[in-house]
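J.: Sequence first, predicted model second:
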Amino acid sequence: MGTETRPGDVTAYAASELIHLPRSRVWALLTDFTAAPLWLTGVTEMHADGPLGAGVDVDVHVGNRVRTHTVSGFIPERELCISAGDGDVHTTYAYRLSDSGDDTQLELAIDVVVSEALQAEAAGIRASVAVDEDGQLVRFRRYAELAP
């Protein structure tokens, strides 16, 4: 279960999950975008437009819609940040991995920055993101621990 936002905070959602796999394996599964539909609700297809690294575009298909995200942070086996948004709403998904003995602690923080024009709706936008993304890391853990 994720955390709730605080007034003035851009973080819409934050969660952490212990995954009973080594960090290198969790990283490999997290960055295997072809498998994203197995754990990302609503995603029907996902792929990077080149070798994974900062600045690479990632196309996310949800039904008949395609949204282009950009890798905005990339430290192999440590951090993957994917950002999307033009205009009034900009969202960043920050995945951070750390060792916990032989296991991996996976953290997710989703920040939603809203333009001044939409500030009156910012809390509602962030709450909607939190509802949509709640349980994401639990689904990832279930997928990862059963993956071949």
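T.: Ah, there it is.
J.: Show me the helices in the protein, by range?
T.: 23-30, 122-133, 136-146 (DSSP state H).
J.: Now tabulate those helices in CSV and tack on distance to Ala54.
T.: In this view, the C-beta of every residue, glycine as well, is placed from N, C-alpha and C. Listed next are those as CSV, based on distance: least, C-beta to C-beta, whole Å:
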stretch, distance to Ala54
helix 23-30, 16
helix 122-133, 23
helix 136-146, 22
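J.: Run through the bridge partners of the most centrally placed residue in the chain.
T.: The centroid of the chain falls nearest to Tyr93 when counting by C-alpha atoms, centre = their mean (3.9 Å). Note on Tyr93: beta-bridge partners by DSSP bridges are Ile82, Ile110.
J.: of the helices of the chain, which approaches Gly73 most closely?
T.: Of all the helices of the chain, helix 23-30 sits nearest to Gly73, with 13.3 Å by C-beta to C-beta.
J.: can you dump the C-alpha coordinates of the closest one into PDB?
T.: What follows is helix 23-30, C-alpha atoms only, in PDB (Å, rounded to 0.1, in the frame of the first residue of the first chain):
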ATOM      1  CA  ARG A  23      19.200  -6.900  -7.400                       C
ATOM      2  CA  SER A  24      20.600  -7.900 -10.800                       C
ATOM      3  CA  ARG A  25      17.600 -10.100 -11.400                       C
ATOM      4  CA  VAL A  26      15.100  -7.500 -10.300                       C
ATOM      5  CA  TRP A  27      16.800  -5.000 -12.500                       C
ATOM      6  CA  ALA A  28      16.600  -7.300 -15.500                       C
ATOM      7  CA  LEU A  29      12.900  -8.000 -15.000                       C
ATOM      8  CA  LEU A  30      12.100  -4.300 -14.300                       C
END
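J.: Contacts only, for Gly53.
T.: By C-beta atoms under 8 Å, 6 or more residues apart in numbering, Gly53 lies in contact with Val71, Phe74.
J.: And it, its phi and psi?
T.: phi 180, psi 170 (degrees, to the nearest 10).
J.: gap between it and Ser16?
T.: Distance, Gly53 to Ser16, using C-beta to C-beta, to the nearest Å: 25 Å.
J.: Give me the spatial nearest neighbour of Asp49, chain neighbours excluded.
T.: Asp57 (4.4 Å; C-beta to C-beta, 6 or more residues apart in numbering).
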